[in-house]
Structure formats: structure tokens, C-alpha cells
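Student: Structure for the following, please:
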Amino acid sequence: MLQLHAFLIALSLLLAASAHAQMIHGDSITTSSGVQGFDADLTDLADGSLTGSKVGAGVPWANLANVPAGFADGVDDTGGAGGATLLRVTADVANTTTTFANVTGLTLTVNASTTYYFECFLTYTTAVSTTALQMSVNGPAATALDYAVEVSTTATAWHSSGQTAYDTVTNPATGAAAVKLPVRLHGSLIVGGSGGTFAVRSRSEVAASAATVKRGSWCRVGT
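Tutor: Now for the predicted structure:
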């Protein structure tokens, strides 16, 4: 009985080996039910990594699942402690009045009793060279506010000012006209006992004469 049992086991092993040999042909495996065909990518992945040329440009950010709130565009927009929020102007923002108005895209909710820094790089044009762009910021009641505004008025000249209040400005002598020129704005804000909205603001020096902050301008605000 034991001999018969051993014979049956040996026969079973022999038949299995024969079936396996029939499935293998050269460097490939004949695909049958439940058997994965040969795949060069799987061989490449055997060491735990995939060759860069097989990956290509990578996975588009928009195709990723379970992206945390505040990171939907691939940028940290949370503004959390120690972080920074990137604000962008996505379309030209013109002001034809001498009243300050928020620059669309350059606003952010800020928290009470928190210190923030901000740095902006903008470009602008004006209707004519005798109309100047004027820049400032606004926000909730502040314990302290210090910032600098540097406006390029020609291809070689700058107007610089230090400011310590909301919606205040010193007057540049000239504007960009049709030639797009840069603006730098940077400083710090200590928010008082109540939070609110921080905003970068602009106005025209001359009523009914446009001063335009251009698309692509941006600010970074952090703590």
C-alpha cells in the first residue's frame, strides 16, 4: 500500500512538470487560464523600480486621488503655520479710479494674533506715462504693519517707499504706459485680536485713466 501511494505521488509530480514544460516556449509563456503572459515591464519591475523611460512624464496632478484640501492645484494653499500660500492674478485687473480696490486673486484670510510675511512680484501698465500706479495693502486691525513698495516707472528708474498703514501710498512721478514694468511689494503684518482678509490693493493716480495689474502677477503670504 505504501509503495502504491509513493508511486501515485511521483506520477502526479511527473505530470505537473510535463504540463509546465508544455506551457513554456523559448523566452515566453503561453497564456492559459490563470497564467500571466510574459511582460517585459514586470521583469523591469522585479528590483522594485521602473525604468524612467517607461514612466514618461509621470502622473498628472489632476489624476491623483485623495489629494488633501489645499493642495488641489499642486501648490500648498493651506496657509498653515510655517507654510506659505501662493496667490495669483489670472486675468488683468484694471482700476480707473483714485480709490483703492482689491487686486482680484491677491486676497487671503488671515488669523488673529498671528504674524505674517508677504512678498509680491507684479507687472503693470497705465493708460499714459503721466498716470502712475499706486499700490498698498489692507486687512484686519494690525498690531504692527511694515512694508515696502517699489514701482518701476521707466525702464531704468524706480520709485521706492516704506509704508506702515493700510491704503496709504506715496506718489510715483510717472507710469509705465503701454510698456509692462515690474512692481515689488514686501513686508510683515502682525494681526490684532480679530482675523480678517488681507488684500493687496491698487488705484490709479488719475481719475478715468487706467492703471492695470497684469495677469501672471503673484504674491506669497506665510507665517
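
Student: which stretches of the protein form strands?
Tutor: Under the criterion DSSP state E, strands of the chain are mapped to 24-25, 28-29, 84-88, 93-95, 101-110, 115-126, 133-138, 142-152, 158-163, 181-191, 196-204, 211-213, 218-222.

Student: Ok, which of the ones you listed comes nearest A173?
Tutor: Taking Cβ to Cβ as the criterion, strand 158-163 is the member of the strands of the chain that comes nearest to A173, at 6.7 Å. Heads up, the C-betas are built off the backbone N, CA and C, glycines and all.

Student: Which strands and helices lie in contact with that closest one?
Tutor: Using 3 or more Cβ pairs under 8 Å, 6 or more residues apart in numbering; DSSP states H and E as the contact definition, the elements that strand 158-163 packs against are strand 142-152.

Student: So for G175, which of the strands of the chain sits nearest?
Tutor: Put simply, out of those the one that sits nearest G175 is strand 115-126, at 3.4 Å, with distance taken as Cβ to Cβ.

Student: about what we covered before: any chance of the strands of the chain in JSON lines with mean pLDDT and distance to V169 as columns?
Tutor: Compiled in JSON lines, the strands of the chain are given as follows (pLDDT from 0 to 100; distance: least, Cβ to Cβ, whole Å):
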{"stretch": "strand 24-25", "mean pLDDT": "49", "distance to V169": "81"}
{"stretch": "strand 28-29", "mean pLDDT": "46", "distance to V169": "75"}
{"stretch": "strand 84-88", "mean pLDDT": "97", "distance to V169": "20"}
{"stretch": "strand 93-95", "mean pLDDT": "98", "distance to V169": "13"}
{"stretch": "strand 101-110", "mean pLDDT": "98", "distance to V169": "13"}
{"stretch": "strand 115-126", "mean pLDDT": "98", "distance to V169": "14"}
{"stretch": "strand 133-138", "mean pLDDT": "97", "distance to V169": "4"}
{"stretch": "strand 142-152", "mean pLDDT": "97", "distance to V169": "7"}
{"stretch": "strand 158-163", "mean pLDDT": "95", "distance to V169": "7"}
{"stretch": "strand 181-191", "mean pLDDT": "98", "distance to V169": "11"}
{"stretch": "strand 196-204", "mean pLDDT": "98", "distance to V169": "8"}
{"stretch": "strand 211-213", "mean pLDDT": "98", "distance to V169": "12"}
{"stretch": "strand 218-222", "mean pLDDT": "98", "distance to V169": "17"}
